[in-house]
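Colleague: Quick one: sequence and predicted model below, then my questions.
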Amino acid sequence: MKKYIIIIIASISGGITSFMHSAVFFEQTQKPSQRTAYTFELMNKSSKPIWVELSCHGSPLSKRIGVGPMVGKDRGYLRSPNIDTTRHLNVSIYQFANATDPIKESHIYADGKTIYLTWDGNTLRPQTGPLLGLTSKTQSGLSLKNNVTIDDIDPHWQLNEFGKSD
């Protein structure tokens, strides 16, 4: 009996370890930690909550994560320090947690740049920051010096049934 328990525990432990190595961590605070180098941030400037899924080459990086709406001057945020921006990233935005079809799906060709995006209820675009970008920082204070541009975002990209882009 003990032999089987040890094997089961070893199997569970191995699964947890591999999951932890490939995990993507997210933060949803108004202000980011100054000690963390974030590679991804999505700011929700719409008046409705959204749900976001991230994937890379058809492999999910996250489950569907809720992002709060803009309330007064407070915006909903989703950010991560460990999104690999050297790979293409697919961002899917859903209106409801259990929706089957996204209201927007975009493919980001970051090529090592930071991916700081704004959702305004209709479009997904690079963040410009306050004062039309004169501060060179996002609303939350992250540097825009190496951020993606509108040319790095393909709003029509989707995977076909074979996991390849159309």
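Modeller: Nice, I can see it.

Colleague: okay, CA-based contacts and neighbour counts for the rest of this
Modeller: Noted.

Colleague: can you map out the strands along the protein?
Modeller: Secondary structure of the chain (DSSP state E): strands at 40-44, 50-56, 59-60, 65-67, 76-80, 89-94, 104-108, 115-119, 124-126, 153-154.

Colleague: got any ranges where this structure has weak pLDDT?
Modeller: The model of the chain has pLDDT under 70 over residues 1-35, 155-166.

Colleague: give me that answer again for 90
Modeller: Residues of the chain that meet the criterion pLDDT under 90 lie in 1-38, 56-66, 68-88, 96-97, 122, 129-135, 139-141, 154-166.

Colleague: And the residue nearest the centre of this protein?
Modeller: Centroid-nearest residue in the chain, with C-alpha atoms, centre = their mean: Leu54, separated by 5.4 Å.

Colleague: give the contact list for it.
Modeller: Leu54 makes contact with Pro60, Leu61, Ser62, Lys63, Leu89, Asn90, Val91, Ser92, according to C-alpha atoms under 8 Å, 6 or more residues apart in numbering.

Colleague: Asn147: which of the strands of the chain is closest?
Modeller: Nearest to Asn147, of all the strands of the chain, is strand 115-119, at 5.8 Å by C-alpha to C-alpha.

Colleague: Quick check on Asn63: phi, psi?
Modeller: Residue 63: Lys, not Asn. Note on Lys63: its backbone torsions stand at phi -80, psi 180 [degrees, to the nearest 10].
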